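**Q** from the sequence below, what's the structure:
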Amino acid sequence: MKPLIACLVFTSLLALPRTSHGDERWKITMRTLENSLQALLYESSSSPRFAEALKKESFQKEIARFSSTASELSERKGTSGDADPSIELISSLFKQEAQHLQWAAKNKNTEYARHLVLSMTQYCVACHTRTSGGIEFSSRSGNEKIEALDAAERASYLISTRQFDLALAELQKQLSNQKLPEENIRDWERSTRMALSLSIRVKNDLSATQALLTQLDANPRLPEYLKAQVSVWKKSIQDWDPKSLPKTEKALNAEAKKLIASAKKTQEYGMDPSAQVYLLRASALLHEQLRLFPRGKLTGPALHDLGLAYETLESVGIFELKDYYYLLCMKESPHSAIAQSCYRQYERGVYDGYTGSGGTHVPEELQARLKELKTLSTPTQKSGAKKPL
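**A** As a prediction, this is how the structure comes out:
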């Protein structure tokens, strides 16, 4: 997503209230969405199967139901029981993508529609792997319907339906294939990222993380640069005590900052994934801080640091999250040093996003929005008393 779209979607979120009180309707909506997603994924297991399904009125209605439920979920985001603003961000993006899917399906854009179905789970993964909060299921009915999907897609579905143990087992099974790094390095990276996100942020399990990293390190076919990354990851959990979770806003924020500082020391270049384990640990603390203290004194710094973390962690879930955290940071802490830092990070992303072989071309609408954001984030000059003449 381009920063312009991120900015426009963000603007629509500003007036939405937040609440920490869940309701039964949220749970019903989530279950309806799960059933619909399962049906769509079942038909998406192959291109020919999906093309045939798209011709059927019943499948078109299923896609419409999915899009409608995604919209309802977005409208009810304040009743999820989780005050972390990430819920608002992710559910709004999810709704938008579901609407794209319905449009593609109606226009018989088969491959694009199938791609959208298979990518919808990334939003669920990003939401469900933020922290260890929320319910977990040992298994759910209908899992056999997604057996035809590849391993990473099956794992994404299991995470989407909060079957975390089964998802982790699926990922570890895939990673046990020692030929995987040679056959498809992207699949290895994707599965590793999801598995680490599960063991660290969801399971909060040191033993499971150690076992996963030992498994990765034991692969003799792993390229040298990935062996070096795994070695750094193993060192990144040496001081981790999952049982000693900070309780106060200040303590959560301080511990996260320490981990981000450690992450920066391990990086040889920007977005170096060697920092991934430190950043997963830090982001889990920051998400927990926002869940417990959504309007605290350190909300702005937490949003800023989440933006920094997702500069590297973006491939764990949704690429645009960092931009939304920077935008929310400016809204929550206007005219402050932290807002100014968020603006500069966001502005850098805008120029990177609109620069290519043909040069830099930032749309006028976004240039105007940048000026507004700069005004919003610039610290207010305190006027002192005038000296007598």
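
**Q** quick one: low-confidence parts of the stretch 201-350 of the chain?
**A** For the stretch 201-350 of the chain, the stretches with pLDDT under 70 are 315-319.

**Q** quick one: the helices in it?
**A** For the stretch 201-350 of the chain, applying DSSP state H, counting those that start in this stretch gives helices covering 206-217, 224-235, 249-266, 276-292, 299-313, 321-332, 337-353.

**Q** would you mark the buried spots in the longest one?
**A** It stands for helix 249-266. Of all the residues in helix 249-266, those buried under the rule 16 or more other CB atoms under 10 Å are E249, L252, N253, E255, A256, K257, L259, I260, S262, A263, T266. All C-beta atoms are positioned from the backbone trio N, CA, C, and that covers glycine.

**Q** out of the helices of the stretch 201-350 of the chain, which is closest to E364?
**A** Checking these against E364 by CB to CB gives helix 337-353 as the closest, at 12.8 Å.

**Q** and the closest one, what does it pack against?
**A** helix 3-13, helix 299-313, helix 321-332, helix 364-377 (3 or more CB pairs under 8 Å, 6 or more residues apart in numbering; DSSP states H and E).

**Q** list phi and psi for G359.
**A** Per-residue torsions, G359: phi 110, psi -160 (degrees, to the nearest 10).

**Q** which residues does it bridge with?
**A** In this entry, G359 is beta-bridged to G356, by DSSP bridges.

**Q** now do the residue nearest to P294 when sequence neighbours are not counted against R291, distance only.
**A** Spatial nearest neighbour of P294, excluding adjacent residues (CB to CB, 6 or more residues apart in numbering): A83 at 3.9 Å. Separation of A83 from R291 (CB to CB, to the nearest Å): 6 Å.

**Q** which one of the buried residues of helix 249-266 sits closest to L149?
**A** Nearest to L149 out of the buried residues of helix 249-266 is A263 (CB to CB; 32.9 Å).

**Q** doesn't P273 make contact with the closest one?
**A** No - judged on CB atoms under 8 Å, A263 makes no contact with P273 at a distance of 10.5 Å.

**Q** hey, what's in contact with both of the two?
**A** T312 (CB atoms under 8 Å, 6 or more residues apart in numbering).

**Q** adding mean neighbour count and distance to E72, write the helices and strands packed on helix 337-353 out as JSON lines.
**A** Shown next, in JSON lines, are the helices and strands packed on helix 337-353 (neighbours: other CB atoms under 10 Å; distance: least, CB to CB, whole Å):
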{"stretch": "helix 3-13", "mean neighbour count": "18", "distance to E72": "16"}
{"stretch": "helix 299-313", "mean neighbour count": "24", "distance to E72": "27"}
{"stretch": "helix 321-332", "mean neighbour count": "25", "distance to E72": "21"}
{"stretch": "helix 364-377", "mean neighbour count": "15", "distance to E72": "29"}
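
**Q** CSV please, covering those and showing distance to Q178.
**A** Shown next, in CSV, are those (distance: least, CB to CB, whole Å):
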stretch, distance to Q178
helix 3-13, 40
helix 299-313, 26
helix 321-332, 33
helix 364-377, 47
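
**Q** and L40, what does it touch?
**A** By CB under 8 Å, 6+ apart, the contact set of L40 is E62, I63, F66, V117, M120.

**Q** part of a strand, is the first one?
**A** Going back to what we said before, that points to E62. No - assessed with DSSP: H, G, I helix; E, B strand; the rest coil, E62 is helix; it does not lie in a strand.

**Q** which pLDDT value goes with it?
**A** On the pLDDT scale, E62 is placed at 95.

**Q** what's the neighbour count on it?
**A** By other CB atoms under 10 Å, the residues close to E62 number 19.

**Q** ok, the third one next?
**A** Summarising burial for F66: neighbours were counted as other CB under 10 Å, giving 23.

**Q** not counting sequence-adjacent ones, nearest residue to it?
**A** Nearest non-adjacent residue to F66, counting by CB to CB, 6+ apart: S36, 4.3 Å away.

**Q** that neighbour and E43, how far apart?
**A** According to CB to CB, S36 and E43 sit 11 Å apart.

**Q** same question, T380
**A** For T380, the distance to E43 - CB to CB - is 56 Å.

**Q** okay, the two: which has more neighbours?
**A** Each of T380 and E43 has its neighbours counted (other CB under 10 Å); E43 has more, 20 against 8.

**Q** ok, for the more buried one, nearest residue in space, not its chain neighbours?
**A** Once flanking residues are discounted, E43 sits nearest to A53: 3.9 Å by CB to CB, 6+ apart.

**Q** quick one: average confidence on whichever strand or helix holds the one you found?
**A** If you go by DSSP states H and E, A53 is part of helix 47-54. For helix 47-54, the mean pLDDT works out to 93.

**Q** got the contact list for the residue lying closest to Q229 once chain neighbours are set aside?
**A** The shortest distance from Q229 to any non-neighbouring residue, by CB to CB, 6+ apart, is to S274 (5.0 Å). When contacts are counted by CB under 8 Å, 6+ apart, S274 touches A228, Q229, V232, W233, T266, Q267, E268.
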